[in-house]
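# sequence and predicted model, in that order:
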Amino acid sequence: MKKASKLCMAFYALMIFLNLLPLIPTSLKGIMGLFFITISAVRIGYRDGLITATLWIVLGYINVVFNINVDYRYTMTNMFLGTGLYFFIAHYLGKTTEELKKKNVQLKNEIKTGEKIQTDLKNKVTVIQSLMDTIPSPIFFKDLDCLYIGCNQAYEEAIGVKEKDIIGKSPYDIYDVELADIYNKIDHELLANADVQKLVYETVVTYADGSVRNIILNKGIFTDERGKPMGIVGVFTDITDKKEIEILKQDVVEKKRIIDEILEQEKIKTEFFSNISHELRTPLNVLLGSIQLLERYSEDDIYGSSQGKVMRNVSIMKQNGYRMLRLVNNLIDITKMDASAFEIHLRNYDVVSIVEEIALSVSSYMESKGLQLVFDTEVEEKIIACDEEKIERIMLNLLSNAVKFTPTGGTVFVGIYQQEDSLLIKVEDDGIGIPSEKQEEIFKRFCQIKDLFSRQHEGSGIGLNIVKALVEMHEGTISVESQINKGTTFTIQLPIKTVEEEAAACKSLSKQDLVEKISVEFSDIYTTSSLSIENKALEKYID
C-alpha cells in the first residue's frame with residue numbers, strides 16, 4: 001500500500017513538473033495531458049482519471065496566469081477545447097476501465113468457481129469410480145453412438161482389458177462378431193425406443209480367464225439433469241452359480257424320484273413275488289390234493305364205482321396245470337422282452353376272422369358263467385400284417401379279464417371298426433370298472449389294483465403289460481376307458497398295412513389248439529365255492 005502511495009505521489013509530481021516546465025511547448029503539453037489522463041484513468045481508475053484531468057486543466061490555467069512560455073490566445077483556445085476532451089477521455093476510459101476491472105473480477109470469480117466445481121466433480125467422479133470398483137458386478141457405460149466411455153474394475157477383469165483401452169471402442173473390438181451383433185442390436189433398439197428405459201435379458205459370456213458364465217444383463221438409459229439421454233449403462237449379474245445350484249437341485253430331485261421309483265418297483269416286485277408264490281402254491285396244493293385222492297381211490301380199488309369223482313379230480317388237475325403253465329409262460333415272455341429276445345412274426349392275415357373266431361369260441365364258456373357275449377363288426381374282412389398267435393393271446397387275455405371282473409348276468413361286447421388307416425378292436429364289459437387314477441397303472445408290469453383283487457379275482461399283474469407290449473410290437477396302441485361299477489372298455493388300434501409275401505394267409509385255428517389256449521388263458525377263473533363243494537365231496541368220500 002505504501003509503495004503504491006509513493007508511486008502515485010511521484011506520478012503527480014512528475015505531471016506537475018512537466019506541465020510547469022517552460023521549455024515544453026503548449027501543444028506538446030496538450031498531448032502529455034492526454035497521456036497522463038489516459039494512464040491515470042486506465043491504471044488507477046475512473047475517479048483518479050477525473051482528478052488528473054482537473055489537475056492538468058488547473059495547471060494549464062496557471063501557465064496562462066503566470067505567462068509561462070505560452071501564447072495566451074492559442075493557449076486559451078486549446079484550454080477550452082482540451083477541457084472537454086480531457087474530461088471525456090477521463091470519463092470514458094475511467095468508466096471503461098472500471099467495467100473491465102469488474103468484469104475481470106467477475107471472470108476471476110467464475111474461473112475460481114469453475115475450478116472449484118471441476119475439482120468437486122473430479123472428486124465426485126473419483127468417489128463414484130471407487131465405489132463402482134468395489135461393486136463385484138461388471139458395469140460399463142456407452143455413449144449415444146454405442147461406444148464405450150467407461151467401466152468399473154470388475155468389468156476390466158471380466159473382459160481382460162483396461163478401462164483406458166476400451167474408451168471409444170465398440171463391442172466388435174472386444175467380443176466375437178456373433179455376441180457383438182446381439183449387443184449392438186439391443187443397444188440400438190434401446191436408444192431408438194423412447195418408451196423403453198430398461199432391457200433385461202440372459203446371455204452367455206466367455207470371461208478373460210476362459211470360464212463360460214451365464215449372465216443376466218441389465219441395460220438402461222442414463223440422462224442429464226434435464227432428462228436428455230446421454231448414453232447406456234449396463235450391469236452384468238452372474239447367475240452361473242445359481243444355475244449350477246438349480247441344476248444340482250433338479251439332479252437331486254431327479255435322483256430322489258428315481259430312488260422313489262426304484263423303491264416303489266422293489267415294493268411292487270416284493271408284492272408280485274408274494275403273489276406269484278400264492279399263484280403257484282394254490283394250484284400245487286390243488287394238484288397234490290387231487291393226487292392224494294386218486295391214490296386213495298387206487299388203494300381202495302374204487303375207480304370203477306367212482307369214475308365221476310375221478311374225472312372231476314382229473315379236470316381240476318388239468319385246470320391247475322394250465323394255470324401254472326400260463327403263469328410260467330408269462331414269466332418267460334417278460335424275461336425275453338427284457339432281453340430283447342421276444343419276436344413277432346408278421347404275415348398277412350384276415351384279422352377280422354381271427355378276432356371273430358376267438359370271440360365265438362369263448363361264447364359258450366361265458367354262457368356257462370352266466371355272461372352274454374355280443375360280437376359286432378363294421379368290417380367283413382381286413383387283411384393286415386400281424387402275428388396270428390399274438391393277436392389270439394391279446395384277445396384271450398382281454399376276454400379273460402372281462403369274464404373275471406364282470407358279475408353274473410353281465411355282458412361282454414367285442415367290436416371291430418375301421419378308422420382311416422387304422423383298425424379298432426374294442427373289448428367292453430359292464431363289470432366293476434377301474435378307478436380313473438389307476439387306469440394308467442394297469443399296463444405297468446407287476447401292477448395290480450388292490451381294491452379289485454380278491455380270492456375271486458386273482459392274477460399275477462403282468463398280463464396287461466404283456467398285452468401292451470404285443471400291441472406295440474404291431475406298431476399299434478391300446479387304451480382304456482372305465483367307470484366304477486359301470487364297466488371297462490379296452491381299445492386296440494392297429495395300422496392297416498401288409499407285408500410282402502407270396503400270398504395272404506388266412507388260416508383257421510385247429511379246434512384242439514384253440515381249446516387249449518382258452519383253457520390256459522381262462523385257467524385262473526374259478527370260484528371258491530365250487531372248489532369248496534368239490535373238496536367237501538372228496539373229503540366225504542375219503543372219510
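Received it, and whenever you're ready, just let me know what you need. Residues are numbered from 1 along each chain as shown.

# can you show me the helices along the stretch 401-543 of the chain?
Applying DSSP state H, counting those that start in this stretch to the stretch 401-543 of the chain gives helices spanning 463-473, 511-521, 528-542.

# packing partners of the first one?
By that I understand helix 463-473. helix 307-338, helix 388-405, strand 477-483 (3 or more C-beta pairs under 8 Å, 6 or more residues apart in numbering; DSSP states H and E). For glycine as for every other residue, the C-beta is placed from the backbone atoms N, C-alpha and C.

# comparing the helices of the stretch 401-543 of the chain, which yields the minimum mean pLDDT?
Of all these, the minimum mean pLDDT falls on helix 528-542 (a mean of 37).

# avg pLDDT for stretch 251-264?
Mean predicted confidence for stretch 251-264 is 89.

# what of stretch 373-392?
On average, stretch 373-392 scores 92.

# list the buried residues of that stretch.
373, 377, 382-388, 390-392 (16 or more other C-beta atoms under 10 Å).

# redo the residues you listed as JSON lines? Include distance to Leu331.
Supplementary listing: these in JSON lines, determined by distance: C-beta to C-beta, whole Å:
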{"residue": "Leu373", "distance to Leu331": "30"}
{"residue": "Thr377", "distance to Leu331": "34"}
{"residue": "Lys382", "distance to Leu331": "33"}
{"residue": "Ile383", "distance to Leu331": "34"}
{"residue": "Ile384", "distance to Leu331": "30"}
{"residue": "Ala385", "distance to Leu331": "28"}
{"residue": "Cys386", "distance to Leu331": "24"}
{"residue": "Asp387", "distance to Leu331": "20"}
{"residue": "Glu388", "distance to Leu331": "23"}
{"residue": "Lys390", "distance to Leu331": "17"}
{"residue": "Ile391", "distance to Leu331": "22"}
{"residue": "Glu392", "distance to Leu331": "19"}
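
# so which of those residues is the closest to Phe342?
Lys390 (9.8 Å; C-beta to C-beta).

# verify the stated contact: the closest one with Leu470.
Yes. Counting by C-beta atoms under 8 Å, Lys390 does reach Leu470; the two are 4.8 Å apart.

# overlap of the contact sets of the two?
Common contacts of Lys390 and Leu470, defined by C-beta atoms under 8 Å, 6 or more residues apart in numbering, comprise Ile344.

# touching, Asp187 and Ile221? I think so.
No. Checked against C-beta under 8 Å, the pair Asp187 and Ile221 is beyond contact range at 10.3 Å.

# which one's more surrounded, those two?
Asp187 (21 against 18; other C-beta atoms under 10 Å).

# can you tell me the helix or strand for the more buried one?
Assigned by DSSP states H and E, Asp187 belongs to helix 177-192.

# buried residues in that helix?
179, 183-184, 186-187, 190-191.

# can you put those in a markdown table and add pLDDT?
Output for the buried residues of helix 177-192, formatted as a markdown table (pLDDT from 0 to 100):
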| residue | pLDDT |
| --- | --- |
| Leu179 | 84 |
| Tyr183 | 87 |
| Asn184 | 88 |
| Ile186 | 87 |
| Asp187 | 88 |
| Leu190 | 86 |
| Leu191 | 86 |
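
# from those residues, which is closest to Asn109?
The closest of the buried residues of helix 177-192, once distances to Asn109 are taken by C-beta to C-beta, is Leu191, at 39.6 Å.

# run through the stretch 101-250 of the chain and note the low-pLDDT ranges.
For the stretch 101-250 of the chain, the stretches with pLDDT under 70 are 194.

# for it, just list every one of the strands.
139-143, 148-151, 198-206, 212-223, 229-238 (DSSP state E, counting those that start in this stretch).

# now for the buried residues of stretch 373-392: which two are most distant?
Based on C-beta to C-beta, the longest span within the buried residues of stretch 373-392 runs between Leu373 and Ala385 and measures 27.5 Å.

# what's the neighbour count on Val427?
22.

# which residues sit in contact with it?
Val427 touches 395, 398-399, 402, 412-414, 489-490, counting by C-beta under 8 Å, 6+ apart.

# domain parsing of the chain, as residue ranges.
The chain breaks down into these domains under automatic domain parsing: 2-112, 135-238, 244-333, 342-532.

# hmm, Asn401 is touching Gly463, no?
Yes. With contact defined as C-beta under 8 Å, Asn401 reaches Gly463; the gap is 7.2 Å.

# what do these two both touch?
By C-beta under 8 Å, 6+ apart, no residue touches both Asn401 and Gly463.

# more neighbours: the two, which one.
Asn401 (24 against 21).

# mind checking pLDDT for that one?
For Asn401, pLDDT reads 88.

# what's near enough to touch it?
Counting by C-beta under 8 Å, 6+ apart, Asn401 touches 463-464.

# what sits against Lys142?
Neighbours of Lys142 in contact, by C-beta under 8 Å, 6+ apart: 148-149, 187, 231-234.

# the same query, at a cut-off of 10 Å, please.
By C-beta atoms under 10 Å, 6 or more residues apart in numbering, Lys142 lies in contact with 148-151, 169-171, 183, 187, 191, 219, 222, 230-234.

# Lys243 touches Thr237, doesn't it?
No. Contact criterion C-beta atoms under 10 Å: Lys243 and Thr237 do not qualify, at 11.8 Å.

# hang on, the earlier thing: of the helices and strands packed on helix 463-473, which stretch is the most buried?
helix 388-405 (a mean of 22; mean count of other C-beta atoms under 10 Å).

# and Ser348, how many neighbours?
Just to correct that, residue 348 is Asn rather than Ser. Residues near Asn348, counting by other C-beta under 10 Å: 18.

# no further queries at this time; thank you.
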